[in-house]
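In: coordinates for the following, if possible.
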Amino acid sequence: MPFNLPIFLTWLRVALIPIFVGVFYLPTSVMPVMMQNMVGGALFFLAAITDWFDGYLARRWNQTSSFGAFLDPVADKLMVAAALILLVELARAPAWLAVIIIGREITISALREWMAQLGKSKNTAVAYIGKLKTAAQMIAILLLLWSGPLLPGISTQFVGELALYVAGILTIISMFYYLELAAKQFKEG
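Out: Got it, this is the predicted structure:
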């Protein structure tokens, strides 16, 4: 297993998950709710930034590896799933939407693994629709974690829920996009 800064950043993202979740379980006498929201949101933001930064550095420094390519999406999915489950428990996100998003992540991860075993992993590489979905998810989760004032008269809860619904729609569209790509490969084969 190679070890370099991009892989370290990916491991850091995995290590942040229990800390991130734990912040929201601290007694309010230790950390008031608004502070939990700020610290939790900052930790999630840090994780989101390391997601972009580790991939950028791996490509720029030519430090890509099959282990890094495996670990990076796993870390992403774990962080997003933990955040969505937490938001459902905090009554800031609907459970059915979290299930759709997490279910899609598991489905597409399994599809990519299967396609890799068939030697066709490039056929399910990340597409633009997947990047849009991820951006909408990250924005929605950050806003819902913050759960404080955004601008006078604008509720982060409302904007976050709206962004989460957009992410949900993009989640479904991107899932069918990837499933269609895989189906074409089986028809050709």
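In: number of residues surrounding the nearest residue to M138 once chain neighbours are set aside?
Out: Of all residues not flanking M138 in the chain, A48 sits nearest, at 5.0 Å (CB to CB, 6 or more residues apart in numbering). The way it works is simple: take the backbone N, C-alpha and C, and place the C-beta from them, glycine included. The number of residues packed near A48 is 22, by other CB atoms under 10 Å.
In: same check, this time on F186
Out: F186: 10 neighbours (other CB under 10 Å).
In: I figured the residue nearest to M138 was touching L142, is that so?
Out: Yes - assessed by CB atoms under 8 Å, A48 is found in contact with L142 at 7.4 Å.
In: what touches both of those two?
Out: Counting by CB atoms under 8 Å, 6 or more residues apart in numbering, no residue touches both A48 and L142.
In: the worst-scoring helix or strand of the chain on mean pLDDT pairs with which strands, and in what direction?
Out: Ranking every helix and strand in the chain by mean pLDDT, DSSP states H and E puts strand 149-151 at the bottom, with a mean of 77. Sheet pairing for strand 149-151, assigned by DSSP bridges, gives strand 154-155 (antiparallel).
In: after the partner strand comes which helix or strand?
Out: Per DSSP states H and E, the first helix or strand lying C-terminal to strand 154-155 is helix 156-188.
In: just the buried residues of that following helix, please?
Out: By 16 or more other CB atoms under 10 Å, the buried positions in helix 156-188 come out as 156, 159-161, 163-164, 166-168, 170-171, 174-175, 177-178, 181-182.
In: do the same with stretch 149-158
Out: Burial within stretch 149-158, assessed by neighbour count using 16+ other CB under 10 Å, is assigned to T156.
In: for it, measure first residue to last.
Out: Its first and final residues considered, stretch 149-158 spans 11 Å by CA to CA, to the nearest Å.
In: residues contacting the residue positioned nearest the centre of the chain?
Out: With distances taken as CA atoms, centre = their mean, V80 lies nearest the centre of the chain, 3.8 Å away. Contacts for V80 (CB under 8 Å, 6+ apart) come out as I101, I102, E105, Q137, I141.
In: out of the residues you listed, who's nearest V33?
Out: Nearest to V33 out of those is I141 (CB to CB; 17.4 Å).
In: next, the contact list for the closest residue to that closest one other than its chain neighbours, please.
Out: The shortest distance from I141 to any non-neighbouring residue, by CB to CB, 6+ apart, is to A83 (4.8 Å). With contacts defined as CB under 8 Å, 6+ apart, A83 is in contact with F20, F44, I141, L145.
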